[in-house]
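Student: What shape does this take:
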Amino acid sequence: MRKIPTKLDNCPIIESVLEIRFDSSFDRNVVFPMLYSTISDDYLPPTPLPILQIPENVRATDPNLCFQPYYRLVLKEDPNVSIQIGPRVIAFSFTQNYKGWDAFKSYVTKYVGQFQKTDVIKKVLRLGFRVINFFDWDIYKKGIELQISLSGNSIPYHETALKTKFIDGKYESTVNIINNATLNSINGNRLGSIIDIDTYSVRCESFFDKISTYMDEAHSAEKSIFFNLLTEELIAELKPTYNDSL
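Tutor: Reported below is the predicted structural model:
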């Protein structure tokens, strides 16, 4: 197992999301107002999401919709930081300017602590940590420790999407690798590749007491998969920093 960097100067992360799915003793219609009241001073007014156009009874019973957020809130001091909230889900997001794990963890921990005081979250059902990385080239042809062949011959990789799953103890990771992705940015559209890793666990006992441990474990599982997918040459291009004491 290769050594994992603690930091990348050329970080390819375009979005990181930590999602908490939960059960609540409160009526679905009061969950958002109660949670929002604890953070309203820090965020811009909420933006309703398209799911609210679907009838409430469908949203509440459809297993594909019941854990979807209803509102998005953007941090006043940083438009790249947001929270999405639904009756049974909270999702914290950093986009574009990822500031590192310590900053992300501190941000999440702060607001989870405020949400905890409302007693809205009765039981955490799932903790997920998702990271999306973007590269300005065909990742299958440069930088990845992965080869796909057909009858012993390498495929041309013109438009290739791979989905697979890794299991590490209580954490499962769904990995998507796509080489014909378009990134919309303020500088125009960019064509390249995405490595999307969604790491999650449904074993979240004593969640509020162990949230720091759960987050670190999910983060470590995601990082291990990501760096073991990459070649040493690409990792060097990303300008890694290592903790020599580890």
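Student: Tell me which residues touch the residue nearest the centre of the chain, please.
Tutor: The residue lying closest to the centre of the chain (C-alpha atoms, centre = their mean) is R130, at 2.3 Å. Residues near R130 by C-beta atoms under 8 Å, 6 or more residues apart in numbering: E15, S16, V17, L18, E19, D196, I197, D198, T199. Where you see a C-beta, it was placed from the backbone N, CA and C, and this is true even at glycine.
Student: unless I'm mixing things up, the fifth one is touching R88, no?
Tutor: Just to be clear, that refers to E19. No - judged on C-beta atoms under 8 Å, E19 makes no contact with R88 at a distance of 10.9 Å.
Student: The closest residue to T241 other than its chain neighbours and R126, how far apart?
Tutor: Closest residue to T241 apart from its sequence neighbours, by C-beta to C-beta, 6 or more residues apart in numbering: K7 at 4.1 Å. Separation of K7 from R126 (C-beta to C-beta, to the nearest Å): 28 Å.
Student: for L75, same thing?
Tutor: For L75 relative to R126 (C-beta to C-beta), the value is 24 Å.
Student: What of Y98?
Tutor: 23 Å.
Student: Compare these two and say which one has the larger neighbour count.
Tutor: Using other C-beta atoms under 10 Å as the criterion, Y98 and R126 rank with Y98 on top: 19 against 16.
Student: Name the SS class of that one, please.
Tutor: What DSSP: H, G, I helix; E, B strand; the rest coil gives for Y98 is coil.
Student: In contact with it, which residues?
Tutor: So Y98 contacts C11, I13, I14, S16, F104 (C-beta under 8 Å, 6+ apart).
Student: Number of residues surrounding the last one?
Tutor: Burial of F104, expressed as a neighbour count using other C-beta under 10 Å, amounts to 23.
Student: What strand or helix carries it?
Tutor: helix 101-116 (DSSP states H and E).
Student: pLDDT of that helix, averaged?
Tutor: Helix 101-116 shows an average pLDDT of 94 in the prediction.
Student: Next: stretch 55-75.
Tutor: 91.
Student: which residues are contacting it?
Tutor: 21, 28, 32, 36, 39, 42-49, 51-52, 54, 81-91.
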